[in-house]
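> sequence and predicted structure are below.
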Amino acid sequence: MGLMTTYLLTALAAIFWGANFNLAKPVVAEMHPYVAGATRYLIAAAIMLIITQFRRETIPLRHLRVYVMLGLMGVFGFNLFFFLGMQSTSATNGALIMATNPLITSLLAYAFLQQQPSYRQMVSFPIGVIGVGIVVLGAGAHVHVQSGDLLLFAANLSWAFYTVFARKWMPGDTSGVASATGTMVVGALALTAVALLSDESFVMPSLHAGSALLMMAVGGGVLSYLFWNAGIARLGASQTAVFLNLVPVASMVIAAFEGMPPTQIQLVGGGLVIGAVTFASLPVRAKAARGA
């Protein structure tokens with residue numbers, strides 16, 4: 001896979017996750033967060049199992065411990081806190097909180113992987129956060145810390161740990177599809193167990209909420225995990241995490257299609273975010289060019 005293709009796929013993963021903040025609101029309006037999270041990943045895991053079978057691959061049980069750890073962090077932990085948090089906070093606040101992920105991931109990568117952030121990455125982090133702040137606050141949003149915000153931060157932390165340890169633990173002798181499938185199956189089973197133990201009913205959502213849930217499962221589940229894992233494998237944890245600055249920009253664009261167009265100041269913020277992502281990616285491209 002070429003470097004530019006890796007950049008594109010990683011950016012698409014962030015865009016899909018940005019859409020999740022908009023899609024989650026109608027879902028949690030009709031379904032309990034436990035049920036919503038379980039249903040989303042039962043669908044995603046089923047799709048991944050079909051893809052794995054189509055490719056005539058198997059999920060190696062020798063890596064079960066890795067899949068359990070990554071599944072609990074990246075699927076179970078993130079989605080549990082995400083859906084709980086989206087019950088009582090806005091998509092705007094959620095996107096702003098997620099914008100801190102590159103910095104958190106960089107700190108964890110340095111602590112656990114001794115992965116020193118590059119100069120460009122260190123400069124791009126505050127630029128990206130400033131751009132995100134302009135994007136989300138340009139619409140007149142007010143930052144108010146509440147329980148939903150704290151839960152979204154817990155989701156954010158879960159995803160940072162997943163990004164770091166996926167780089168460290170992901171099996172090198174197994175395809176990315178098989179590993180992603182193993183991770184999703186573990187996460188789906190854990191989310192389902194929590195939903196069943198909570199005695200919440202699995203309900204049939206309306207067409208609107210059901211369509212949103214399906215898009216979250218396919219785009220924000222299957223495709224985004226495959227694309228994100230490809231980015232981690234090629235770019236590393238810190239470099240990949242910078243692309244999460246695109247999450248609030250994607251959410252803003254989707255809001256525009258929903259009849260809430262961005263203001264001029266939001267466009268300026270979006271430009272800063274995209275510029276920060278591009279700036280942070282330059283060292284990897286230059287290094288690859290020298291090694292060619």
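Received, thanks.
> could you dump the helix or strand hosting Met69 to PDB, C-alpha only?
In this structure, Met69 is located in helix 64-70 according to DSSP states H and E. Taking C-alpha atoms only, helix 64-70 is exported to PDB below (Å, rounded to 0.1, in the frame of the first residue of the first chain):
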ATOM      1  CA  LEU A  64      -6.800 -14.500  21.400                       C
ATOM      2  CA  ARG A  65      -5.200 -12.700  24.300                       C
ATOM      3  CA  VAL A  66      -4.300  -9.800  22.000                       C
ATOM      4  CA  TYR A  67      -7.800  -9.600  20.500                       C
ATOM      5  CA  VAL A  68      -9.400  -9.700  23.900                       C
ATOM      6  CA  MET A  69      -7.200  -6.800  25.200                       C
ATOM      7  CA  LEU A  70      -7.700  -4.700  22.000                       C
END
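> chain center to that helix, what's the gap?
Its chain's C-alpha centre and that of helix 64-70 lie 18 Å apart, by C-alpha atoms, centre = their mean, to the nearest Å.
> repeat that for stretch 199-208.
With C-alpha atoms, centre = their mean, you get 24 Å for stretch 199-208.
> hmm, back to that, what is the helix holding Met69 packed up against?
helix 147-169, helix 176-197 (3 or more C-beta pairs under 8 Å, 6 or more residues apart in numbering; DSSP states H and E). All C-beta spots, glycine's among them, are computed from the backbone N, C-alpha and C.
> 6 Å instead, please
Helix 64-70 is packed against helix 176-197, with contacts defined by 3 or more C-beta pairs under 6 Å, 6 or more residues apart in numbering; DSSP states H and E.
> what does the helix it packs on contact?
Helix 176-197 is contacted from outside by 34-35, 37-38, 41-42, 44-45, 48, 52, 57, 59, 67-68, 70-71, 75-76, 170-171, 225-226, 229, using C-beta atoms under 6 Å, 6 or more residues apart in numbering.
> mind listing what's buried in it?
176-192, 194-195 (16 or more other C-beta atoms under 10 Å).
> tell me the buried residues in the helix holding Met69?
Val66, Tyr67, Val68, Met69, Leu70.
> closest to Ala24 among those?
Relative to Ala24, the closest of those is Leu70; by C-beta to C-beta it sits at 22.3 Å.
> look up how far Ile97 lies from the closest one.
22 Å (C-beta to C-beta, to the nearest Å).
> and if you look at Ala160?
12 Å.
> and the closest residue to Tyr67 other than its chain neighbours, what's its pLDDT?
Distances taken as C-beta to C-beta, 6 or more residues apart in numbering place Gly182 nearest to Tyr67, at 3.7 Å, with adjacent residues excluded. Listed pLDDT for Gly182 reads 93.
> Gly182 and Leu49, how far apart?
From Gly182 across to Leu49, the span is 10 Å (C-beta to C-beta).
> could you list the low-confidence segments of the stretch 151-292 of the chain?
Applying pLDDT under 70 to the stretch 151-292 of the chain flags the ranges 262, 266, 277-278, 281-292.
> mean confidence score for stretch 107-114?
Per-residue pLDDT over stretch 107-114 has a mean of 83.
> other residues contacting that stretch?
Gln115, Ala160, Val164, Ala237, Ser238.
> how about 10 Å then?
The contact list for stretch 107-114, computed with C-beta atoms under 10 Å, 6 or more residues apart in numbering, reads 115-117, 157, 160-161, 163-165, 167-168, 236-241.
> filter those to the buried ones?
Burial by neighbour count, judged by 16+ other C-beta under 10 Å, picks out 115, 117, 157, 160-161, 163-165, 167, 236-241 from the contacts of stretch 107-114.
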